[in-house]
Each structure stands twice: as structure tokens, then as C-alpha cells.
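K.L.:
A structural model of the following input is requested.
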Amino acid sequence: MADVFISSASEDRARVRRLATALEAQNFTVWWDRALAPGEDDAASVERALKDAKAVIVVWTAASAASPLVRDEAGRARDDGRLFPVLIDRGVETPLGFGAYPPADFTGWTGDPRARAVKALADAVRARLQGRTVDVVADKARRRRSMLLVPALALAAAMLLFAAGATLFVRERAQVAERQDQLSVLLELAAEGSIPGDEALELATLLQTRAFADVPASAEPAADAAPLPAPPAATRAQRAAMAEAPRVNRRDMLAAARQSFEDAAATLLQDPDPRVRRALLQVRDTNTRQAGLDALWAQVGEGEGSTPALLRACGALMLAVGDDRAAAALEQARALNPQDRDLWRLLSYSYARRNRPLDAAGAALVGEGIRAAATGNWRAATARLERALPLVTDAQTRGFVLGQMGDAAAATENWAGAEASYASAVEAHGADRNIAALALDSSKLARAQLKQGEGLEACATLRRARRQGAAVTEAELAQACGSLPPNR
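P.N.:
Below you'll find the predicted structure:
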């Protein structure tokens with residue numbers, strides 16, 4: 001029997017693994033990877049693990065919020081008082097029925113098992129196991145008040161002494177108060193590499209405010225309001241899709257850019273590399289912003305673990321200030337995290353400004369499709385993604401869009417539609433040699449085939465994926481091929 005059951009979408013497995021490892025470091029036993037079960041025939045083991053766990057952590061992401069299975073598991077945990085929701089992606093709307101259960105914020109978590117967010121979650125789970133309660137909100141409020149207390153007291157003392165006429169002493173105390181200002185404290189912690197998660201989020205907000213301080217919200221409203229012009233060579237299908245594409249104006253772009261930069265900054269402030277932290281702190285000043293961006297972009301070339309956050313920070317701020325490297329940064333960021341709707345909105349604006357109207361309309365439609373899927377509006381998601389397909393030309397993006405269409409069909413148990421979309425996605429991933437995506441959509445294709453009694457086809461799908469280099473497990477093969485005669 002596990003102490004903790006983690007409910008999550010299979011697409012988030014890599015990130016959930018870090019959370020499971022961090023909780024195991026807190027001496028909890030954790031059940032988390034449903035892929036350990038050989039297949040649907042072993043659903044009873046998942047059911048048993050969920051029922052026996054003393055606490056259920058639900059990891060909300062765009063994928064999990066759209067998963068009927070995750071929502072079902074979360075509902076069961078909610079109904080018997082074992083629910084501990086966690087948010088690891090910003091901008092994800094909590095599904096209906098769970099609004100009264102605010103999730104713990106892990107959006108800025110770097111994977112450090114010693115982070116304050118992990119400790120707070122572990123304390124809450126441990127209290128549940130021991131029959132106690134922990135007021136996490138009150139605890140966070142106390143920490144915030146303690147950070148503000150020193151400068152507030154110093155300022156109060158300075159005002160009293162000034163009234164008494166102690167001018168010199170007041171000046172010295174005022175200088176002390178200024179040094180102990182909240183921003184100064186946060187900057188010092190970040191420079192030292194010792195800033196906790198909650199404070200990293202606060203500093204990220206301050207950095208975003210300063211980095212974007214001189215960026216106008218809407219410098220060209222007339223151009224922003226104009227529809228995207230279809231190029232002369234556009235097909236009828238492309239023209240029809242462009243007519244329905246939402247227009248991303250500068251104001252919307254800046255809102256997405258600010259949020260993307262802030263999310264990325266919260267991660268980068270806790271990066272172990274002092275060069276990353278130093279460069280990020282530079283962008284808060286307009287006099288050093290360009291030097292900071294150049295330094296961050298140089299770090300992207302080194303390909304370290306913070307590359308996704310570096311690309312998001314660079315792409316968002318570069319686009320806002322008119323840096324020509326923005327498109328390259330955003331395209332690379334999108335490739336690493338295609339579920340991020342804000343990245344698609346930023347790309348749409350970037351493509352429009354670079355006179356790429358087909359790409360701009362396609363990116364806007366994909367972003368809206370992801371948003372609709374995150375809220376469980378499968379009909380709207382499918383409609384938007386279908387409209388985007390004629391506008392998407394590269395194999396990697398087509399594979400992603402087709403895979404999302406398959407997910408929408410599977411969510412409504414339209415297994416024939418899911419099979420068709422997944423089969424096309426697998427073909428696109430094979431052409432692009434995107435092995436990770438190939439493995440994931442091959443597994444989903446096999447599931448759709450099994451749902452329709454096509455065991456032979458499912459077996460062939462997984463064997464073909466393995467030959468192409470995908471990491472197909474023996475358990476998946478056993479499920480699809482185990483019931484077939486040996487010579488098949």
C-alpha cells in the first residue's frame with residue numbers, strides 16, 4: 001500500500017517523475033507511473049492503488065485537465081477528503097468541480113527536492129496521514145509578512161527619529177532601510193543562488209515589470225486590427241482557414257509575453273549556474289537589458305537543462321522589444337513544449353510581423369485548439385485543429401496537431417476518428433524522425449485499434465514503432481500481441 005497516489009497524464013510523465021522522486025526523498029511511498037501496469041487488463045491494479053492510497057496528488061496540466069481518467073481519479077479523491085492538487089503549468093484552468101480546491105503552485109519549481117514548495121506539500125500530506133491539518137495559506141502569509149517586516153520597521157524607526165530631530169541618525173537608518181528593501185533582499189538571494197521558490201516567484205514578477213516597463217502596449221492599433229492577408233498562392237482551404245483564425249494583436253501578445261517571461265524567470269532565478277542568474281538580473285534595467293539578453297541567448301547554445309526556460313524568457317522579451325532572434329527562440333521553445341498556448345500566441349504575432357500570414361493564422365488556431373482542449377471543449381478543439389492543418393507545413397507541427405486531434409476524438413470515444421488521426425500523426429513523426437512523439441502516438445494508435453478489436457493491427461503498429469527506434473515496452477507488446485497466434 002502506497003502513502004501517496006499521483007494522478008497525472010502520460011504526456012507529463014517526465015515532469016511527474018521529478019515530483020515522485022522528491023516525495024520519496026521525504027520518506028513517502030509513492031505510486032505514480034500507470035505505465036508500469038501492462039495494459040488495460042491490469043486496470044484493477046490502478047484501481048486498487050488509488051483506493052488504498054492515503055493521499056492523492058493530482059497534477060494539473062493542460063493534458064491532465066483534459067483527461068477523463070485524471071478527472072475521475074481527482075473526483076474520487078475529492079469526495080473522500082484525500083485530494084492534494086498541484087499545478088505545474090501556468091494558465092491551466094482547474095476543471096469544473098475542483099474550483100474550491102486551489103492547487104499548490106509548482107510552476108516555478110526546478111526539481112529541487114529541498115524546495116519550499118515540496119516541503120509544504122510534504123507537510124500537508126504528512127498531516128493528512130497523521131490525522132492533522134496544516135494551513136498552507138496561512139503559513140505562506142506568515143513568510144511573506146516576515147520578509148516585509150524588517151524594511152517596514154526600519155522605515156517606521158526612521159520616521160520617528162526624524163520627528164525627534166535626529167537628522168544624521170535618520171539618514172543612516174534610512175540607508176539601512178533602503179538596503180533592506182524587499183527587492184534588494186530578493187536580488188541578493190538570487191545572486192547567491194539561495195532564493196526559495198516562493199520568493200523566486202515574487203522576484204520574477206518584479207523583474208517582468210521592470211524588463212517590460214518601457215515597452216508600449218499598442219504602438220500600431222490599426223495594423224493590429226487588420227485581418228491577416230492571404231498570399232496570392234494560398235489554396236481555397238488555406239483561405240477558408242485564415243478567415244476563421246483569431247487575430248493576435250499587440251496587447252494580447254504583450255500579455256502572453258509578460259506571463260511567459262515571468263514563468264521562465266521564476267525557474268531561471270533558481271538555476272545553479274550563476275551566469276544564468278546574473279544575465280537574468282541584468283534585463284531588469286533598460287541600460288543593461290540587451291547585454292542580459294545576449295548573455296541568456298549564449299546560454300541557450302550550451303544546451304543545458306534550463307534550455308526550455310531560457311528559450312521562453314528570450315523569445316518573450318525579444319519579441320516585445322523587437323529583437324530579430326525572437327522567432328528562432330520561440331520556435332525552439334514551442335518544439336520543447338508544444339502544449340504551451342502562450343507560445344503559440346507569441347509565434348502567431350511573430351509570424352505576422354515577419355510577413356508569414358499562413359504560419360501566423362496556423363499558430364493562432366493551434367493555440368485556440370489547445371485552450372479548448374484544456375477546458376474539455378472537444379468539439380471546439382477539433383474544429384480549430386482541423387482548420388489549422390492546411391496552414392501547417394512542417395512535419396513536426398503537423399504530427400503534433402494530428403496527435404491532439406486524436407486525443408480529442410479519444411476523449412469522446414470516437415475510436416475510428418482517433419485511429420485515423422493517430423495514424424496520420426505517426427506518419428508525420430516518422431518523416432520528421434521525432435522518436436519520442438512517434439512512440440507516444442504509436443501507443444495511442446494501438447490503443448485505438450484495440451478498442452475496435454483490431455489486435456493484429458495494434459501489434460503491427462507497436463512492432464513497427466520499435467523498429468523505427470521508439471521505446472516500446474514489453475508490456476505494451478504483450479497487451480497488443482499476446483492474444484495472437486505465434487506465427488502472426
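
K.L.:
just checking, what packs against the helix or strand encompassing residue 78?
P.N.:
Here residue 78, judged by DSSP states H and E, is contained in helix 68-79. In terms of contact count using 3 or more Cβ pairs under 8 Å, 6 or more residues apart in numbering; DSSP states H and E, helix 68-79 is assigned the packing partners strand 4-7, helix 43-52, strand 55-60, strand 83-87. (Each C-beta comes from the backbone N, C-alpha and C, glycine too.)

K.L.:
Now that helix: average pLDDT?
P.N.:
Model confidence over helix 68-79, given as mean pLDDT, is 88.

K.L.:
Kindly export that helix (C-alpha atoms) in PDB.
P.N.:
Below are the C-alpha coordinates for helix 68-79, written out as PDB (Å, rounded to 0.1, in the frame of the first residue of the first chain):
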ATOM      1  CA  PRO A  68     -11.300  12.000 -18.300                       C
ATOM      2  CA  LEU A  69      -9.300   9.400 -16.300                       C
ATOM      3  CA  VAL A  70      -7.400  12.000 -14.300                       C
ATOM      4  CA  ARG A  71     -10.600  14.000 -13.600                       C
ATOM      5  CA  ASP A  72     -12.300  10.800 -12.400                       C
ATOM      6  CA  GLU A  73      -9.400   9.900 -10.100                       C
ATOM      7  CA  ALA A  74      -9.400  13.500  -8.800                       C
ATOM      8  CA  GLY A  75     -13.200  13.300  -8.200                       C
ATOM      9  CA  ARG A  76     -12.900  10.200  -6.100                       C
ATOM     10  CA  ALA A  77     -10.100  11.700  -4.000                       C
ATOM     11  CA  ARG A  78     -12.100  14.900  -3.500                       C
ATOM     12  CA  ASP A  79     -15.100  13.100  -2.400                       C
END
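
K.L.:
Can you tell me what sits against that helix?
P.N.:
With contacts defined as Cβ atoms under 8 Å, 6 or more residues apart in numbering, helix 68-79 is touched by 5, 7-9, 50, 56, 58, 64-65, 83-85, 95, 97-98, 101, 411.

K.L.:
neighbours of residue 436, just the number please.
P.N.:
Burial of residue 436 is recorded as 12 neighbouring residues (other Cβ atoms under 10 Å).

K.L.:
Check residue 247 too.
P.N.:
So residue 247, with other Cβ under 10 Å, has 16 neighbours.

K.L.:
list the contacts for residue 115?
P.N.:
22, 109, 196, 197, 270.

K.L.:
Repeat the analysis, applying 10 Å as the threshold.
P.N.:
22, 106, 108, 109, 121, 196, 197, 198, 200, 270 (Cβ atoms under 10 Å, 6 or more residues apart in numbering).

K.L.:
Give me the next element, helix or strand, following the host helix or strand of residue 252.
P.N.:
Here residue 252, judged by DSSP H and E, is contained in helix 250-268. Following helix 250-268 in sequence order, the next helix or strand is helix 274-282 (DSSP H and E).

K.L.:
That following helix packs against which elements?
P.N.:
helix 182-192, helix 197-211, helix 250-268, helix 289-300, helix 307-321 (3 or more Cβ pairs under 10 Å, 6 or more residues apart in numbering; DSSP states H and E).

K.L.:
try it again with 6 Å
P.N.:
Helix 274-282 is packed against helix 289-300, with contacts defined by 3 or more Cβ pairs under 6 Å, 6 or more residues apart in numbering; DSSP states H and E.

K.L.:
Name the nearest residue to residue 189, ignoring sequence neighbours.
P.N.:
Once flanking residues are discounted, residue 189 sits nearest to residue 195: 4.0 Å by Cβ to Cβ, 6 or more residues apart in numbering.

K.L.:
Could you list the low-pLDDT ranges of this protein?
P.N.:
1, 34-43, 132-183, 197-198, 218-227, 303-305, 471, 483-488 (pLDDT under 70).

K.L.:
Please repeat the previous calculation with a cut-off of 50.
P.N.:
35-41, 134-158, 160-162, 166-180, 221-225, 484-488 (pLDDT under 50).

K.L.:
follow-up on the earlier one: okay, the helices and strands packed on helix 68-79 in a markdown table with mean neighbour count and distance to residue 462 next?
P.N.:
As requested, the helices and strands packed on helix 68-79 are exported to a markdown table (neighbours: other Cβ atoms under 10 Å; distance: least, Cβ to Cβ, whole Å):
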| stretch | mean neighbour count | distance to residue 462 |
| --- | --- | --- |
| strand 4-7 | 25 | 25 |
| helix 43-52 | 14 | 19 |
| strand 55-60 | 26 | 27 |
| strand 83-87 | 20 | 32 |
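
K.L.:
quick revisit: quick one: the residue nearest to residue 189 and residue 277, what's the gap?
P.N.:
Distance, residue 195 to residue 277, using Cβ to Cβ, to the nearest Å: 9 Å.

K.L.:
middle-most residue in this protein, spatially?
P.N.:
In the chain, the residue lying closest to the centroid (Cα atoms, centre = their mean) is residue 89, at 3.6 Å.

K.L.:
State the phi and psi torsions of that residue.
P.N.:
phi -120, psi 130 (degrees, to the nearest 10).

K.L.:
correct me, but it touches residue 61?
P.N.:
Yes. Shown here, residue 89 and residue 61 form a contact pair, counting by Cβ atoms under 6 Å, at 4.6 Å.

K.L.:
which residue ranges form the helices in the stretch 101-250 of the chain?
P.N.:
Applying DSSP state H, counting those that start in this stretch to the stretch 101-250 of the chain gives helices spanning 116-129, 136-164, 167-179, 182-192, 197-211, 221-225, 236-244, 250-268.

K.L.:
Kindly apply the preceding question to the stretch 301-450 of the chain instead.
P.N.:
Under DSSP H, counting those that start in this stretch, the stretch 301-450 of the chain gives helices at 307-321, 326-336, 341-353, 357-374, 378-388, 395-411, 415-432, 435-451.

K.L.:
In terms of secondary structure, what does the third one contact?
P.N.:
Counting contacts by 3+ Cβ pairs under 6 Å, 6+ apart, helix 341-353 is packed against helix 250-268, helix 326-336, helix 357-374.

K.L.:
go again using 7 Å as the cut-off
P.N.:
Here helix 341-353 touches helix 250-268, helix 307-321, helix 326-336, helix 357-374, going by 3 or more Cβ pairs under 7 Å, 6 or more residues apart in numbering; DSSP states H and E.

K.L.:
what's in contact with that helix?
P.N.:
Helix 341-353 has contacts (Cβ atoms under 7 Å, 6 or more residues apart in numbering) with 91, 228, 248, 252-253, 256-257, 259-260, 315-316, 319, 326-327, 330-331, 333-334, 337, 359-360, 363-364, 366-367, 370-371.

K.L.:
Likewise for the fourth one?
P.N.:
Applying Cβ under 7 Å, 6+ apart, the external contacts of helix 357-374 come out as 62, 65-66, 92-93, 228-231, 234, 238, 241-242, 245-246, 248, 339, 341, 344-345, 347-348, 351-352, 380-381, 384-385, 387-388, 391-392, 401, 404, 408.

K.L.:
Mind giving me the PyMOL select for those residues, buried ones only?
P.N.:
Command for PyMOL that selects the buried part of the contacts of helix 357-374, burial taken from 16 or more other Cβ atoms under 10 Å:
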select buried, resi 62+65+66+92+228+230+234+238+241+242+245+248+339+341+344+345+347+348+351+352+380+381+384+385+387+388+391+392+401+404+408
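
K.L.:
can you confirm residue 92 is in a strand?
P.N.:
No. Assessed by DSSP: H, G, I helix; E, B strand; the rest coil, residue 92 does not belong to a strand; its assignment is coil.

K.L.:
hang on, it packs against residue 59?
P.N.:
No. In this structure residue 92 lies outside contact range of residue 59 using Cβ atoms under 7 Å: 10.2 Å.
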